[in-house]
Structures are given as structure tokens and as C-alpha cells.
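Undergrad: Got a predicted model here, sequence first, then my questions.
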Amino acid sequence: MGSSGVGRWASRTRWSRGFAIARDATVAPVSEALARLVSATEAALADAGLGDDRARCDAIRPAMEALLRDPSPIPDSAREPLEGQAVGNVLHTDALGRFHVMAVVFPETTSSGVHHHGCWGVIGYLQGSDEETRYRAVADAGDRADLEEDSRHTWHQGAVTYLLPPETGAGAGEGCWHRVRNPGPGTGVSVHVLCRTPSDHPHRFWDRHTHSVLPYPFVEATPGRWRAEVVGLG
Ligand SMILES: [Fe+2]
């Protein structure tokens, strides 16, 4: 988890004026809404009665919706881009490495490029808007893929969506492809609950010109602030 140490947020907390303060004073305060989202995710992952990722995402959803209604769910600093560019500001990393929570910031007009998430996620739109394009894999050989646009939707504050594989057809059960772009106005901020740790999250980039698929790992640029960086783009 690098040097940020946010994995310790999971269990060592006390409550003060609606914020849980980590016993380690070097980390930022955690809002009650964020603590509840973390607790809901832990409960969903531990519930053997939930049969698949969609059921677990559905169980997490109410806590995400509550967080999006909260007047101050994340620190103001987590809404900031990094040097004018997109960034994921880590808010929590599960002590068992099962998931993490990031505030993903896209300055106006910036885009993620087309990329693939290899396991589940729940996204809540907190500020601004994001145009999301989903793609269907016609073929995916690991290092090359042929994609077709499947849908396009602009999300606004309060909306929740999931990163889940198609349930049928090509690419079923193998994660999902998408691209997000902030059409403006203003900075877009969304809260992501994503599988695994930031450094282990399975993430691939699609070069739309060559159809090559390249590693797109999250890399910690400064403590607690992560960027997805394409490896091997020619
Ligand atoms: Fe994504």
C-alpha cells in the first residue's frame, strides 16, 4: 500500500463531531458516511448468502447512496486533481487487501482512455459529471482486443453504477471495458469502491489505433494519490 498507511483506517477509529479520527494522527479524518461505506463493503464481502458480485454491489449501494447525500463525505483535499491531471485519492484500503476506496478526480475535458477493470467495482458520482462509454469485447486475446461501443451515458451527482462483466455473450465473466470523460463544467469527482488494493487492481489499457492491450497499473505518484499509467505505449 506504499507509504500512505491508510490501511490502518479500517478498524482503529474513534468518533468526533461526525468524523472518525484514526488513532494514528498522521492520517486524515474519515467521515461517518465513508466509515459506513467501508463497513457495508466489509459486510457484503463476508456475507456468504450473497451469491455473486452483482449481489455484493447491490448490498454496498445503499451506503454509497447515503455517502453521496452527505454534505461532507470526503476531505476537500480528496477533490483535488494532481498537477492539473486526473488522480485517484485513496480514502481507505482494506486491511485484508480485498478492496479499496478512492476519490477519482477528472479535471474538465480530461479522459481516462479506454480501459478494462478485471474485477468488480461500485462507483458513486459526487461532483460534476462524467460521460461514460461502455464497450463490448468482440475479441480479447490478452494483449490485443477488438471492441465495439455498447452504450454511452452521462452520470451526474448522486448516480451509482457498477463495474461488472457482461453476464452473457463475448467477454462474459471477464471484467468490463469502459472510458470516462469529464465533459464539464467543473471538476468531476466520483467515489470508487474497487476490488483488491490499488497496486493489485487488474487494469488494462486499450490503444484504439493499434488495438493493443497494455498494462495500466495504478501507481502511487505521491503518498495516497494514485495515477493509472500505461506501460509500453509506443
Ligand atoms: Fe475505470
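TA: It's in. Numbering: from 1, shown residues only.
Undergrad: Looks to me like residue 190 is in a strand.
TA: Yes - with DSSP: H, G, I helix; E, B strand; the rest coil as the criterion, residue 190 is part of a strand.
Undergrad: Around it, how many other residues sit close by?
TA: When counting by other CB atoms under 10 Å, one arrives at 27 neighbours for residue 190. (C-beta placed from N, C-alpha, C; glycine too.)
Undergrad: Please name the nearest non-neighbouring residue to residue 205.
TA: Distances taken as CB to CB, 6 or more residues apart in numbering put residue 216 closest to residue 205, at 3.7 Å, once the chain neighbours are dropped.
Undergrad: Check the secondary structure at residue 200 for me.
TA: Look at residue 200: counting by three-state DSSP, its state is coil.
Undergrad: going forward can the numbers begin at 50, since that is how I track them
TA: Got it, the first residue is 50 from now on, which makes the last one we talked about residue 249.
Undergrad: Hmm, it is touching residue 146, no?
TA: Yes - applying CB atoms under 8 Å as the test, residue 249 and residue 146 come out as touching, 6.9 Å apart.
Undergrad: Show me the shaky parts of the chain.
TA: 50-77, 215-223, 283 (pLDDT under 70).
Undergrad: Spatially central residue in it, please.
TA: In the chain, the centroid-proximal residue (CA atoms, centre = their mean) is residue 241; its distance is 3.0 Å.
Undergrad: ok, that residue touching residue 166?
TA: No - under the criterion of CB under 8 Å, residue 241 is not in contact with residue 166, lying 9.6 Å apart.
Undergrad: Helices of this protein, start to end?
TA: Taking DSSP state H as the criterion, the chain contains helices spanning 81-95, 102-118.
Undergrad: Quick one: those as a markdown table, columns for mean neighbour count and distance to residue 188 too.
TA: Shown next, in a markdown table, are the helices of the chain (neighbours: other CB atoms under 10 Å; distance: least, CB to CB, whole Å):
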| stretch | mean neighbour count | distance to residue 188 |
| --- | --- | --- |
| helix 81-95 | 19 | 32 |
| helix 102-118 | 18 | 24 |
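Undergrad: Turn the ones you listed into TSV, columns for distance to residue 125.
TA: Converted to TSV, these look like this (distance: least, CB to CB, whole Å):
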stretch	distance to residue 125
helix 81-95	14
helix 102-118	15
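Undergrad: nearest to residue 232, of those?
TA: Proximity of the helices of the chain to residue 232 was assessed by CB to CB; the nearest stretch is helix 102-118, lying at 19.6 Å.
Undergrad: Could you check the angle the closest one makes with helix 81-95?
TA: Using axes from the mean of the first three to the mean of the last three CA atoms, to 10 degrees, the inter-axis angle of helix 102-118 relative to helix 81-95 is 170 degrees.
Undergrad: Skipping its backbone neighbours, what lies nearest the residue nearest to the centre of the chain in space?
TA: Using CB to CB, 6+ apart, the closest residue to residue 241 is residue 151 (4.9 Å).
Undergrad: Over to residue 197?
TA: residue 185 is the one closest to residue 197 (CB to CB, 6+ apart), at 5.1 Å.
Undergrad: one step back: roughly how far does the residue nearest to residue 241 sit from residue 196?
TA: Applying CB to CB, to the nearest Å, the value for residue 151 to residue 196 is 25 Å.
Undergrad: what does residue 264 give?
TA: Taking CB to CB as the measure, residue 264 falls 17 Å from residue 196.
Undergrad: and those two? which has more neighbours close in?
TA: For residue 264 and residue 196, the more surrounded residue by other CB under 10 Å is residue 196, and the numbers stand at 22 against 14.
Undergrad: Write down the beta-bridge partners of that one, one by one.
TA: residue 186 (DSSP bridges).
Undergrad: State the distance from it to residue 155.
TA: Distance of residue 196 to residue 155, given as CB to CB: 21 Å.
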